[in-house]
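Chemist: missing the sequence, but the structure's below:
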Ligand code: CP
Ligand code: NVA
């Protein structure tokens, strides 16, 4: 049963529970597409606590709460005492006494853990420096919609192998029985702690894990996934990362190396391919580069499912909120 539980990191849920939430999200997407009401959280209040910026996660939690009949309240970094004048524990007690559920996006994983420990309501991790669990539900939902299933598929994550997305994709793939390759230069390969968690989970599912710096490892991939080379909070690292990661850019040559014309391209977004963004414009001015982690041709190409993936944030976040907070009958898994 999901009721009353928090989603702080992927290992909080079993393979069957994650699979259930993904299927529930696919069901909720159909309800939305057919205008069938699903106000399972009528009368509930949801706190949306954001230390970092967001488009998809904020929009998804807001629209999901409204569709479920709940009221979302955005609490940004300049709106409340948290982060300046009040501890995480006191914030948790106060928000938990008024709201029915709390979404947190921020820097430290320990903050989202404290929010859950010190409040009596479900807490959902909308991204920390360590994990991005709600993104995982949308991603494996998108793979299931596009490729029919995720079990036994080969996902190659290319780029910064030490960030939240790499951690989450590695561990979630292992839990779900997806074969996962992390393709990154040695200095940016996953922490041994994260590798150990994934290796343990993979024992039960047969997920094959490869960590490598060799770009030939993309051969046979069903999914190529990348993320920004500089995550939120690391903005001083552009020069260093561009030098290290240029050989790992997802471009048409890398996609061709998969030898799989049906290999899909995924990215959690936002991406830095767009010359209209100020950061990319500055980088272009300095280096002449027109793209970092992915080229325009791949991003806009026929194999790209990035906007389907973005939309699925709505349906999958709705599934998590409804399952953990709703008064639904959900079969035991
Ligand atoms: N993918 C994702 O979490 O996007 P936002 O940062 O816009 O929420
Ligand atoms: N690794 C990125 C993910 C954004 C959704 C970041 O943390 O900025």
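Modeler: Great, that's in hand. All figures in this text were calculated on a predicted structure; none of them were measured in a lab. Numbers count the residues shown, from 1 in each chain. Ligands and ions are numbered 1, 2, ... in the order given.

Chemist: per-residue confidence for residue 333?
Modeler: You'll see residue 333 listed with a pLDDT of 44.

Chemist: could you tell me how many residues sit around the residue nearest to residue 313 when sequence neighbours are not counted?
Modeler: Distances taken as Cβ to Cβ, 6 or more residues apart in numbering put residue 60 closest to residue 313, at 4.0 Å, once the chain neighbours are dropped. For glycine as for every other residue, the C-beta is placed from the backbone atoms N, C-alpha and C. Residues near residue 60, counting by other Cβ atoms under 10 Å, number 25.

Chemist: same question for residue 112.
Modeler: As a burial measure, the neighbour count of residue 112 was computed by other Cβ under 10 Å and equals 31.

Chemist: on that earlier part again, for the residue nearest to residue 313, what are its contacts?
Modeler: With Cβ atoms under 8 Å, 6 or more residues apart in numbering as the criterion, the residues that contact residue 60 are 134, 313, 314, 317, 318.

Chemist: what's the answer for residue 255, then?
Modeler: Residues near residue 255 by Cβ under 8 Å, 6+ apart: 224, 263, 265, 298, 301, 303.

Chemist: so which elements touch whatever helix or strand the fourth one lives in?
Modeler: Under the criterion DSSP states H and E, the helix or strand holding residue 298 is helix 296-299. Judged by 3 or more Cβ pairs under 8 Å, 6 or more residues apart in numbering; DSSP states H and E, helix 296-299 is in contact with helix 252-256, strand 264-267.

Chemist: what helices or strands is the very next helix or strand once past that helix leaning on?
Modeler: Tracing the chain C-terminally past helix 296-299 and defining elements by DSSP H and E, one meets helix 306-325 next. Applying 3+ Cβ pairs under 8 Å, 6+ apart, one finds that helix 306-325 makes contact with helix 15-33, helix 56-67, strand 101-105, strand 123-125, helix 133-147, strand 264-267.

Chemist: so the first one versus helix 306-325, what angle?
Modeler: Our comparison of helix 15-33 with helix 306-325, counting by axes from the mean of the first three to the mean of the last three Cα atoms, to 10 degrees, yields an angle of 110 degrees.

Chemist: same question for the third one.
Modeler: Angle of strand 101-105 versus helix 306-325, following the same axes, to 10 degrees, is 140 degrees.

Chemist: near ligand 2, which residues of the chain?
Modeler: If contact is defined as Cβ under 6 Å from any ligand atom, the residues of the chain in contact with ligand 2 are 127, 163, 164, 165, 227, 228, 231, 232, 268.

Chemist: recalculate using a threshold of 5 Å.
Modeler: Counting by Cβ under 5 Å from any ligand atom, the residues of the chain close to ligand 2 are 163, 165, 227, 231, 232, 268.

Chemist: tell me how far the least confident helix or strand in the chain by mean pLDDT lies from the chain's centre.
Modeler: Of all regular secondary-structure elements in the chain, judged by mean pLDDT, DSSP states H and E, the least confident is helix 278-287 with a mean of 88. In terms of Cα atoms, centre = their mean, to the nearest Å, the centre of helix 278-287 is set 26 Å apart from its chain centre.

Chemist: which residues are contacting it?
Modeler: Everything outside helix 278-287 that qualifies as a contact, by Cβ under 8 Å, 6+ apart, is 238, 242, 272, 273, 274, 275, 289, 290, 291, 292.

Chemist: quick check, nearest of those residues to residue 208?
Modeler: Among the contacts of helix 278-287, residue 292 lies closest to residue 208 (Cβ to Cβ), at 28.8 Å.

Chemist: ok, that closest one - contacts?
Modeler: Residues counted as contacts of residue 292 (Cβ under 8 Å, 6+ apart) are 228, 229, 242, 245, 249, 272, 273, 280, 283.
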